[in-house]
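Asks: Quick one, fold the following:
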Amino acid sequence: MPRKRLTDKILEKIDKEIESDEKGSYIIVYDFGNRRYNPKEFYYAIMDLINNGHKIVRIQKSVYLTDSLRTALAIKELAKHYGAEVRVFKVEKEV
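Replies: A predicted model of the protein is given here:
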């Protein structure tokens with residue numbers, strides 16, 4: 001039996017923690033600290049989410065924008081898994 005992908009494990013955990021997915025705009029900001037290179041596996045996992053229908057837009061090198069709480073929390077958990085400090089912000093009003 002093949003192993004589950006990390007993204008699947010994280011999404012299953014999130015589904016148990018939140019009652020429903022809240023739509024809206026969420027900004028995820030992360031920092032891997034003093035590392036010379038960020039882990040490529042993190043970016044592969046982000047691409048895995050995108051390929052599975054999650055809307056994720058990269059705004060800057062360490063800033064993503066998404067349209068659902070579930071996806072924002074998945075990115076947060078991925079970043080933490082690979083050693084980053086991370087914050088998630090909900091956009092209340094876009095100008």
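
Asks: From here on, just use CA atoms for contacts and neighbour counts.
Replies: Fine.

Asks: Look at stretch 76-88 and report the distance between its end residues.
Replies: Terminal residues of stretch 76-88 are spaced 7 Å apart (C-alpha to C-alpha, to the nearest Å).

Asks: List the buried residues for that stretch?
Replies: Under the neighbour-count criterion of 16 or more other C-alpha atoms under 10 Å, stretch 76-88 has Lys76, Glu77, Leu78, Ala79, Lys80, Gly83, Ala84, Val86, Val88 buried.

Asks: what sits against the fourth one?
Replies: Listed by C-alpha atoms under 8 Å, 6 or more residues apart in numbering, the contact partners of Ala79 are Tyr30, Phe42, Glu85, Val86.

Asks: Check the last one too.
Replies: Taking C-alpha under 8 Å, 6+ apart as the contact definition, Val88 lies against Tyr26, Ile27, Ile28, Val29, Ala72, Leu73, Lys76.

Asks: Please repeat the previous calculation with a cut-off of 6 Å.
Replies: Neighbour list for Val88: Ile27, Ile28 [criterion: C-alpha atoms under 6 Å, 6 or more residues apart in numbering].

Asks: Correct me if wrong, but it is in a helix.
Replies: No. Under the criterion used here (DSSP: H, G, I helix; E, B strand; the rest coil), Val88 is strand, not part of a helix.

Asks: pLDDT at it, what is it?
Replies: According to the per-residue confidence, Val88 scores 97 in pLDDT.

Asks: quick one: it from Arg36, how far?
Replies: On the measure of C-alpha to C-alpha, Val88 and Arg36 end up 24 Å apart.

Asks: so Ser25 makes contact with Asp67?
Replies: Yes. Counting by C-alpha atoms under 6 Å, Ser25 sits close enough to Asp67 to count as a contact (4.7 Å).
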